[in-house]
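**Q** One predicted model, sequence on top.
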Amino acid sequence: MAMKRGTQRVENSCVKEELISVPVVKPFDITAKFFSLKFEPIGKAFAKEPFIIMPYVNCTSPCPLIIEDSSVELVSFQHSFQFSQSHN
């Protein structure tokens, strides 16, 4: 901060350092279950066979959250994998 005293310029710098602790929480937890088109749980998906992904969103934030939009993006390459059965 610069001030003038008469015709003389006086420089004054004030610095205050303060440590603030901000708790960080995971805002929500997302899991998904996979189903056939008959809504039967599935453990494997095959190429060109349709299936349903049922996402479950659990708000873990202490503040209310509103999810206005969401999407699922498919990757251009394919991997062979088996769905976890731990979320039945």
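**A** Yep, it's here.
**Q** Show me what the worst-scoring helix or strand of the chain on mean pLDDT is packed up against.
**A** Within the chain, no helix or strand scores below strand 2-5, which has a mean of 71 by mean pLDDT, DSSP states H and E. On a contact count with 3 or more CB pairs under 8 Å, 6 or more residues apart in numbering; DSSP states H and E, strand 2-5 meets strand 8-11. For glycine as for every other residue, the C-beta is placed from the backbone atoms N, C-alpha and C.
**Q** now the following helix or strand past the strand it packs on, how far from the chain's geometric center?
**A** Heading C-terminal from strand 8-11, the first helix or strand you meet, by DSSP states H and E, is strand 28-35. Strand 28-35 sits 13 Å away from the centroid of its parent chain (CA atoms, centre = their mean, to the nearest Å).
**Q** so after strand 28-35, what's the next helix or strand?
**A** That would be, after strand 28-35 and using DSSP H and E, strand 52-59.
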